[in-house]
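Undergrad: just coords:
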C-alpha cells in the first residue's frame, strides 16, 4: 500500500486535563513517530497546551468562546492554511462548530469528529455538527451503536476506535517501589485499592468512600488511594472526614507516576455511573495486570468482561462495589487470574499502536469513499 502522509489539526475547546485531552496527546505522539505532521489548536492557558509544549507537539493558541464564534472560525482557518492541513480532527462540542466551518471554508480533504463520551445527542435541524464531518470516531462500540440507532448516522461513516495504552509506560514488570508507599503513608503489607479519576460528580467518588466504610471491619488494614484533582476535592475531603476514614483514604492529588501507583495497587476501582466511553484509567490498570471493579456504563463492558477480565458492580450501588472489592481483597488467586486476563485483553485490542493503525485506516477509507463518489 502506498504510504500516505497526513498533516493533521486537532482542535480542543476544553481548558482541563482529562482522558479526552490525554488521548489527543497520545495520538499526536504516535502520528509524529510515523512521520505525520500534527498540530493542536487549543485555548490559551489550557491543560492540553502545557502538555503539548512538554511533548514537543506544535500548538496554536486559539480563543474559542463557544459554538457560534466567527472570530474562532477565522483563526482556525488561518491555522489550517498556515500548516497545510489536510485532516481536521475535532473533539469537543464547542470546538467542533468553528473548526468544522473553518475546515469547510479551507476545503480541507477530511473533517473527522471524535465522540469521547456516551452522553445522549439531541436530534434536530440545527444540530448538524454531526452531519458536517466526513467521518466520526467513537471511543467505544456502544457509543457507535447508539449514534447509528438514535441519531441516524450512516454505519459506514462512523467507527469505534478505543483509546490505546502505551505499553512502554504501562508494564506489569515494574517492581513496587517501597519508597512510594512510605511517601503516601501506606503501611507495609496493607492492601491498596486505587481509583484514578478527575474529582467531579459523574465519577461518583462518594461510592468508593461508602464502600470503604462498609469494608472497614473486614479489612482494617486496607488503604484507599484516590488519585486526581478537580472541582470536587473539597466535597470529597468532607465525605472522608464525615466517615472518619482519614487514616484509610489517601488523597494523592494529581500525579504523573500512574504506572508506579498502579504497581503498588492490589485492586483498581472506577465508580462512574454515567457518560463513560472506554476509560483510559481502566485500560491502563488492566495493562498493568491489575483486577478492576467498575459499573457497566458506556463502553466499560467492552473492557471488563464480568468474571473474566474484571468484576462489574451495579451502577450507583456502594454495597455492590463493596462486595466486589471485598471479594478481590479476600481471594488472591482470583486477583491474579483476572489481572492476567485483563492484560491479555488489552494487548489484543487496546494498545496505542492498534489505535493509531485503526485511525489511519479510517482516514484512508474516508479518502477512498470521497474520491469514488
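TA: Nice, I can see it. All values reported here derive from a predicted model rather than from experimental measurement.
Undergrad: where does pLDDT dip in the stretch 1-150 of the chain?
TA: Along the stretch 1-150 of the chain, segments meeting pLDDT under 70 span 1-3, 125-126.
Undergrad: spell out the residue ranges of the strands in the stretch 201-350 of the chain.
TA: 223-227, 249-253, 267-270, 292-294, 311-312 (DSSP state E, counting those that start in this stretch).
Undergrad: and of those, who's closest to residue 45?
TA: Of all those, it is strand 249-253 that lies closest to residue 45, at 20.1 Å by C-beta to C-beta. Any C-beta I mention is one placed from the backbone N, CA and C, and that applies to glycine too.
Undergrad: strand partners of that closest one, parallel vs antiparallel please.
TA: strand 223-227 (parallel) (DSSP bridges).
Undergrad: ok, residues contacting the helix or strand where residue 356 lies?
TA: According to DSSP states H and E, residue 356 maps onto helix 352-372. By C-beta atoms under 8 Å, 6 or more residues apart in numbering, the residues outside helix 352-372 that reach it are 4, 6, 26-27, 30-31, 34, 87, 109-110, 112, 134-135, 137, 156, 159, 161-167.
Undergrad: quick one: buried ones out of these?
TA: 6, 26-27, 30-31, 87, 109-110, 112, 134-135, 137, 159, 161-166 (16 or more other C-beta atoms under 10 Å).
Undergrad: strands of the stretch 51-200 of the chain, start to end?
TA: So, for the stretch 51-200 of the chain - with DSSP E, counting those that start in this stretch - the strands run 59-61, 87-90, 110-115, 135-138, 158-160, 192-196.
Undergrad: how far out from the middle of the chain is the second one?
TA: Averaging C-alpha positions (C-alpha atoms, centre = their mean, to the nearest Å) puts strand 87-90 18 Å from its chain's average.
Undergrad: how much space between residue 133 and residue 117?
TA: 17 Å (C-beta to C-beta, to the nearest Å).
Undergrad: same thing with residue 141?
TA: 14 Å.
Undergrad: ok, those two, which is more surrounded?
TA: residue 117 (19 against 15; other C-beta atoms under 10 Å).
Undergrad: dump the residue contacts of the more buried one.
TA: Here residue 117 is in contact with 143, 275-277, 298 (C-beta under 8 Å, 6+ apart).
Undergrad: wait, which of these is closest to residue 321?
TA: Nearest to residue 321 among the contacts of residue 117, with distances taken as C-beta to C-beta, is residue 276, at 15.2 Å.
Undergrad: excluding its backbone neighbours, what's nearest the closest one?
TA: residue 298 (3.5 Å; C-beta to C-beta, 6 or more residues apart in numbering).
Undergrad: also residue 272?
TA: With C-beta to C-beta, 6+ apart, the residue lying closest to residue 272 is residue 203, at 5.2 Å.
Undergrad: residue 314: how many residues sit nearby?
TA: Residue 314, neighbours per other C-beta under 10 Å, totals 14.
Undergrad: do the same with residue 22
TA: Count around residue 22 with other C-beta under 10 Å applied: 17.
Undergrad: do the same with residue 158
TA: Around residue 158 there are 22 residues (other C-beta under 10 Å).
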